[in-house]
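Novice: how does the following fold in three dimensions:
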Amino acid sequence: MLAALARVVKVALDEFSLLSGLHANHAKSNIFTSGVSPTINQQLFNLFSYTKFRSFLWRGIEGDSKGAKICWSDICLLKKEGGLGIKDLSSWNKALMIRHIWILSYGTNNMCSSWIKAYHLKDSNLWEAKTPCTCSWN
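Specialist: Okay, the predicted model is just below:
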């Protein structure tokens, strides 16, 4: 079934190339598959003659069967620096938590911080506040 659908895509790409004069660059084209049997994977790669995308993303070298995965910090680099431009959510989360702590400690008294101080902190110090057992992270 999947191989038949892939053939339909292949025929459509071939017809597009014939009509427009534009051709897919096989050196820059990749196939990404997930949850597909090795037999169907091989049929897809034979049909399209593209490379497997996963080997570059996880190993850093096309066609290399050994080696460590690419470091997350390398993936999070800007595209012009050789990364994929993906934001490091762990760093963003820490930065936002620090910002919220600063707002609660030293920031302006807006409605949200006033509510947290009155309801959760109950006029105690932020650093001495007790964590309730009903928190989602407990």
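Novice: where's residue 45 relative to residue 108, distance?
Specialist: Distance of residue 45 to residue 108, computed by C-beta to C-beta, to the nearest Å: 59 Å. To be clear about C-beta, it is placed using only N, CA and C from the backbone, and glycine gets the same treatment.
Novice: how about the contacts made by the most centrally placed residue in the chain?
Specialist: Geometric centre of the chain, nearest residue: residue 86, 6.3 Å, by C-alpha atoms, centre = their mean. Applying C-beta atoms under 8 Å, 6 or more residues apart in numbering, one finds that residue 86 lies in contact with 75, 76.
Novice: pLDDT score assigned to it?
Specialist: Looking at residue 86, its pLDDT is 87.
Novice: thinking again about what came up before, quick one, which of residue 45 and residue 108 is more surrounded?
Specialist: Between residue 45 and residue 108, counted using other C-beta atoms under 10 Å, residue 45 has the larger neighbour count: 14 against 7.
Novice: so what secondary structure elements neighbour the helix or strand that one falls within?
Specialist: Assigned by DSSP states H and E, residue 45 falls within helix 38-48. Judged by 3 or more C-beta pairs under 8 Å, 6 or more residues apart in numbering; DSSP states H and E, helix 38-48 is in contact with helix 2-20, strand 30-31.
Novice: what's the closest of those to residue 136?
Specialist: Closest of the helices and strands packed on helix 38-48 to residue 136 is strand 30-31, at 38.5 Å (criterion: C-beta to C-beta).
Novice: lovely, talk soon.
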